[in-house]
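*Asks:* Structural data only, the sequence is not supplied:
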């Protein structure tokens, strides 16, 4: 694990014991560009949604939302962020619960810096060597995500209300990230025929969709069409 490699990634450390948290945050700041910290699960989830760190180090026994429940919530729509679990438990039931969370490593406390360093080395190898892409979910900013199977948009409060036309337009745009879809092509996909009135309707729907999505999700390619910037 070297600084040139680790500075590419952001990390969130979640621990309610202040002395332990402060000690490891100081250590991690030597290697990672941004080190975020939280002392409970609810605070950690808020930081995760806002900052989208590449790596999570989570103590299992944190208040408000324990480490397992925190990662379960995250894994509902994110299978790509790497996670290391810290725990004082070696009980089989905890190990089985954690096994479903796609952890890179499960470390039993007390842990040494060498143990943590070795675990982070595994994480970095995974990040460097493998692209894990979810076929079901697309994570957006501000806690939003698109479910490809359901063709539904979600935020932290649940499903976002969409009209049928809004849903169809998003389904088209999300099918090709950073790809510009021509006005004509979107209209044909959604209305099955083209005329100028439908172009005006498309622009109106896009305007309404922007109010329901994180800022700058839909980009207008002037005079050509729209694309999802992700």
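*Replies:* Yes, it's here. The structure presented is a predicted model; accordingly, all values stated were derived computationally and were not measured.

*Asks:* all helices of the chain, in order?
*Replies:* Taking DSSP state H as the test, the helices found in the chain are 3-6, 18-28, 41-51, 67-75, 92-99, 113-129, 164-174, 183-191, 196-212.

*Asks:* these two touch, right, residue 190 and residue 168?
*Replies:* Yes. With contact defined as Cβ atoms under 8 Å, residue 190 counts as touching residue 168 (4.7 Å). C-beta coordinates here come from the backbone N, C-alpha and C atoms, glycine included.

*Asks:* Can you read off the pLDDT for residue 90?
*Replies:* You'll see residue 90 listed with a pLDDT of 62.

*Asks:* Equivalent analysis for residue 60, please.
*Replies:* Per the predicted model, pLDDT is 90 at residue 60.

*Asks:* count of neighbours near it?
*Replies:* Residue 60: 21 surrounding residues under other Cβ atoms under 10 Å.

*Asks:* cool, and residue 25?
*Replies:* So residue 25, with other Cβ under 10 Å, has 16 neighbours.

*Asks:* so how far is residue 149 from the nearest residue to it once chain neighbours are set aside?
*Replies:* With Cβ to Cβ, 6 or more residues apart in numbering as the criterion, residue 25 has its nearest non-adjacent residue at 5.2 Å, and that residue is residue 37. Separation of residue 37 from residue 149 (Cβ to Cβ, to the nearest Å): 35 Å.

*Asks:* Can you tell me which of the helices of the chain is nearest to residue 105?
*Replies:* With Cβ to Cβ as the measure, helix 113-129 is the member of those nearest residue 105 (3.9 Å).
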